[in-house]
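Q: here is a sequence with its predicted model. Questions after.
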Amino acid sequence: MSNTYIIINNSFAMATAERIAAKMEGSTIVSVAGYPGSDQISSLPDFLTESFQVADLLIFIGAMGICVRSIAPFILDKASDPAVINMDLQGKYVQSVLSGHKGGANEYAKQIAKITNGRAIITTASDTLELWPLDIFGRKYEWTNEYQNTTENELIAAFVNQKKTALLLDVKNEGTQALVESCPDFVETFYHYDQIQQEDFELLIAVTPGLYETSIPSLFFRPKCIVVGTGAQKGISVDAFEKELRACFASNQLSFASLKSIHSITVKANEKAYKQFSETTNLTFVTYSADELNEKESEVSYSEAAHREVGAVNVSEASALIASGAKSLLQTKSKHVDENGKHFTLALAMDAEQERKGKIFIVGAGPGAPDLVSVRGKKLLKQADLILYAGSLVPRELTDYGKASCVIRNSADLTLEEQFDVMKEHYDRGGLVVRLHTGDPCIYGAIQEQMNFFDQHEMEYQIVPGISSFQAAAAQLKSQFTIPNKVQSIILTRGEGRTPMPPRERLAEFAKFQSTICLFLSVTLVEKLQKDLLEGYPETTPVAICHKLTWKEEKIWRGELKDLVKIVKENKLSLTVMIVVGEAIGNRKNRSLLYDPKFTHGCRKGIES
């Protein structure tokens, strides 16, 4: 902080002034009386004549009347006036007086109140009503404000009077998320401009790079989200470059205020037009090597001239794609000529990180216990805008990770088509969708048919693996399902009921291997299971019937294969059961070679007896 003046007119204010100055870098204490520790000034009017328009913050310690009368002759407008604070001698009440938003007086008041252990007094309507401070809201995110059919003051006045407002969010970033999470009741959110019936609203607030003609008072927040790729002959005109670039934005119905950065090839790092434009606009200029640009060869048009001159198959399109991270361009290469006949090209792309594009994650919930979901899965649940979970198999407690604004839906009573419609609605808004499946989604997760829908609609998705119930069974049974020299295979399968099994995968055939078999979704078929298993296993083969593994209601029964039906019937088991069959259950015999003292491997030489 610089150019902060603390103005006192009473020696008893000195202690408070010194506390503030010690915490706020660049502060100067001034007084007409020249109190010890302060800089003496000739008079307050003379001091303000010199300092008012160059100060960042003026802090008056004393009567409010002195503060108001002193600054009144110097006030111009909120765009240029400094922040002014007034407080009592002890700093109990710290009041924002002037330039509360744009000058930052409201925030300074809160900061100073913490220093003095006082109370910030803020009377700005948007703050007291806990509404967005529209004039400065975008400052934190480097957004530019543009107004249509109104002035700033008129629009803010209408907003704080809670006129019905449409909120358009064309992009997705930290700022738009903040708007969504703090949206007032009189504001309705939209994600596509053509969905807004303007006659139903009195105001429009939009976060967009797009140019729209509206019929109602409108505020357009312009996020920095459009990147430019450019190639050129040496010595192109600075004026022509900017003129044609602005024309490209206009022809694509994009606000020039949303320009984020410009990009080219390394040999153009010192091109005057690019460097000067970057400096005057305070925008980043980044270059890439020909090899880096050629990595995009399959995604861009081939330029024989560019390849011949600089070794890159394309400069403007390739650099725009690399910089944006986008999969496609807003504008493919356009060709331009300056007044001296010098050629240059331009391509535009949207910053992929800010695209209003949904994300779908198919997440494995694990076997049941909320803390057995993966770290990645838990993080996604906390970020999700929609959690669609298989309620008959996934404990509801897992959805408790969701944020307050998250929509949580149980898919148990929904058809595949209904599930897809729910997910697509949130996806189209740019929401993060978590489809939560029990265990690991790739094992009996019914995700193939969902992925088919996603592929058909070109929706992006990722799969996050989870701990399967067969792994939880091994853990809870304190068993290793593969035993040296005895059992080296695990068969994951299910019994044949209404869902048919391929002929080559009959359980009776699998039983002949006498491997460890883990049976999913099959407890209601227990009589047939036992019959088929006895075709390959001895009747004394160990079995474990595991109900709701790792849930609070978990129960496990152990026995022999001949008693399988009896255990299931006696305990009336019908859902969420994993059946494990095989000699690996509880086995403590058969030592492995890996740690045998006589066994030699890459990390250790065996000891001969």
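A: Yes, it's here.
Q: residues contacting Tyr427?
A: Gly358, Lys359, Ile360, Val433, Met459 (C-beta atoms under 8 Å, 6 or more residues apart in numbering). Where C-beta positions appear, they are placed from N, C-alpha and C, glycine not excepted.
Q: buried subset of these?
A: Burial by neighbour count, 16 or more other C-beta atoms under 10 Å: within the contacts of Tyr427 this picks out Gly358, Lys359, Ile360, Val433, Met459.
Q: those in strands, which ones?
A: Lys359, Ile360, Val433 (DSSP state E).
Q: so how far is the first residue of stretch 194-203 from its last?
A: 16 Å (C-alpha to C-alpha, to the nearest Å).
Q: follow-up on the earlier one: can you lay out the contacts of Tyr427 as TSV showing distance to Ala120?
A: Formatted as TSV, the contacts of Tyr427 follow (distance: C-beta to C-beta, whole Å):
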residue	distance to Ala120
Gly358	40
Lys359	39
Ile360	44
Val433	40
Met459	47
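Q: next, format those residues as a markdown table and append pLDDT and distance to Gly602.
A: Formatted as a markdown table, the contacts of Tyr427 follow (pLDDT from 0 to 100; distance: C-beta to C-beta, whole Å):
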| residue | pLDDT | distance to Gly602 |
| --- | --- | --- |
| Gly358 | 88 | 47 |
| Lys359 | 89 | 42 |
| Ile360 | 96 | 42 |
| Val433 | 96 | 45 |
| Met459 | 91 | 45 |
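Q: closest one to Leu519 out of those, please.
A: Ile360 (30.4 Å; C-beta to C-beta).
Q: in the helix or strand bottoming out on mean pLDDT in the chain, what's buried?
A: Least confident helix or strand, the chain: helix 125-128 with a mean of 79, by mean pLDDT, DSSP states H and E. Buried residues in helix 125-128, counted by 16+ other C-beta under 10 Å: Ser126, Asp127.
Q: now do stretch 75-88
A: Of the residues in stretch 75-88, those buried (16+ other C-beta under 10 Å) are Asp81, Pro82, Ala83, Val84, Ile85, Asn86, Met87, Asp88.
Q: now stretch 182-202
A: So for stretch 182-202, counting by 16+ other C-beta under 10 Å, buried means Val187, Phe190, Tyr191, Tyr193, Ile196, Phe201, Glu202.
Q: next, the distance between the ends of that stretch.
A: End-to-end distance of stretch 182-202 (C-alpha to C-alpha): 20 Å.
Q: what's near enough to touch the closest residue to Leu321 other than its chain neighbours?
A: Excluding the flanking residues, the one nearest Leu321 by C-beta to C-beta, 6 or more residues apart in numbering is Lys296, at 5.2 Å. By C-beta under 8 Å, 6+ apart, the residues touching Lys296 are Asn314, Glu317, Ala318, Leu321, Ile322.
Q: neighbours of the first one, how many?
A: When neighbours are defined as other C-beta atoms under 10 Å, Asn314 has 27 of them.
Q: check the third one too.
A: Residue neighbour count, defined by other C-beta under 10 Å, stands at 30 for Ala318.
Q: quick one, phi psi at it?
A: phi -60, psi -40 (degrees, to the nearest 10).
Q: need the contact list for it.
A: Gly229, Tyr288, Leu293, Asn294, Glu295, Lys296, Glu297, Glu299, Val300, Ala312 are the contacts of Ala318 under C-beta under 8 Å, 6+ apart.
Q: need phi/psi at Cys546.
A: When read as degrees, to the nearest 10, the backbone of Cys546 gives phi -110, psi 120.
Q: same thing with Ser374?
A: Ser374 adopts backbone torsions of phi -70, psi 160, taken as degrees, to the nearest 10.
Q: my read: it touches Ala365, true?
A: No: using C-beta atoms under 8 Å, Ser374 is not in contact with Ala365, being 9.3 Å away.
Q: who touches both of these two?
A: Gly466.
Q: these two - which one has more neighbours?
A: Using other C-beta under 10 Å, the more surrounded residue of Ser374 and Ala365 is Ala365, with 29 against 17.
Q: what's the more buried one in contact with, if anything?
A: Contacts of Ala365 by C-beta under 8 Å, 6+ apart are Val373, Gly377, Tyr389, Val394, Pro395, Leu398, Leu436, His437, Thr438, Gly439, Gly466.
Q: how far away is it from Glu397?
A: 10 Å (C-beta to C-beta, to the nearest Å).
Q: doesn't Phe12 lie inside a helix?
A: Yes: assigned with DSSP: H, G, I helix; E, B strand; the rest coil, Phe12 falls within a helix.
Q: what's it in contact with, if anything?
A: By C-beta under 8 Å, 6+ apart, the neighbours of Phe12 are Leu89.
Q: buried residues, stretch 285-302. List them.
A: Phe285, Thr287, Tyr288, Ala290, Leu293, Asn294, Lys296, Val300.
Q: which helix or which strand is home to the fifth one?
A: I take that to be Leu293. Assessed by DSSP states H and E, Leu293 sits inside helix 290-294.
Q: report the mean confidence score over whatever helix or strand comes next after that helix.
A: As assigned by DSSP H and E, the chain's next helix or strand after helix 290-294 is helix 304-310. Averaging pLDDT along helix 304-310 yields 90.
Q: and helix 304-310, how far out from the chain's middle?
A: For helix 304-310, the separation from the chain centroid amounts to 40 Å (computed by C-alpha atoms, centre = their mean, to the nearest Å).
Q: what does it rub up against?
A: By C-beta under 8 Å, 6+ apart, helix 304-310 touches Gly231, Ile265, Val267, Ala290, Ala312, Val313, Asn314, Val315.
Q: what's Met459 sitting at in phi/psi?
A: Per degrees, to the nearest 10, the backbone of Met459 is at phi -100, psi 130.
Q: how close does it sit to Gly402?
A: Relative to Gly402, Met459 is positioned 21 Å away (C-beta to C-beta).
Q: circling back to that earlier point, which single one of the buried residues of stretch 285-302 is nearest to Cys546?
A: Among the buried residues of stretch 285-302, and counting by C-beta to C-beta, the member closest to Cys546 is Lys296, at 51.7 Å.
Q: so for that closest one, what's the pLDDT?
A: The model's pLDDT for Lys296 equals 95.
Q: residue ranges in this structure under the pLDDT threshold?
A: Within the chain, the segments meeting pLDDT under 70 span 1-2, 590-596, 598-599, 609.
Q: what ranges do the helices span in the stretch 101-250 of the chain?
A: In the stretch 101-250 of the chain, the helices defined using DSSP state H, counting those that start in this stretch lie at 105-116, 125-128, 152-160, 174-181, 238-251.
Q: what pairs with the closest residue in space to Val373 that isn't next to it in sequence across the strands?
A: Leaving aside its chain neighbours, Val373 sits nearest to Gly366 (4.8 Å; criterion: C-beta to C-beta, 6+ apart). Counting by DSSP bridges, Gly366 forms beta bridges with Gly439.
Q: count of neighbours near Gly366?
A: 29.
Q: could you pull up phi and psi at the nearest residue to Gln488 once chain neighbours are set aside?
A: The shortest distance from Gln488 to any non-neighbouring residue, by C-beta to C-beta, 6+ apart, is to Thr482 (5.4 Å). Torsion angles at Thr482 (phi, psi; degrees, to the nearest 10) stand at phi -120, psi 120.
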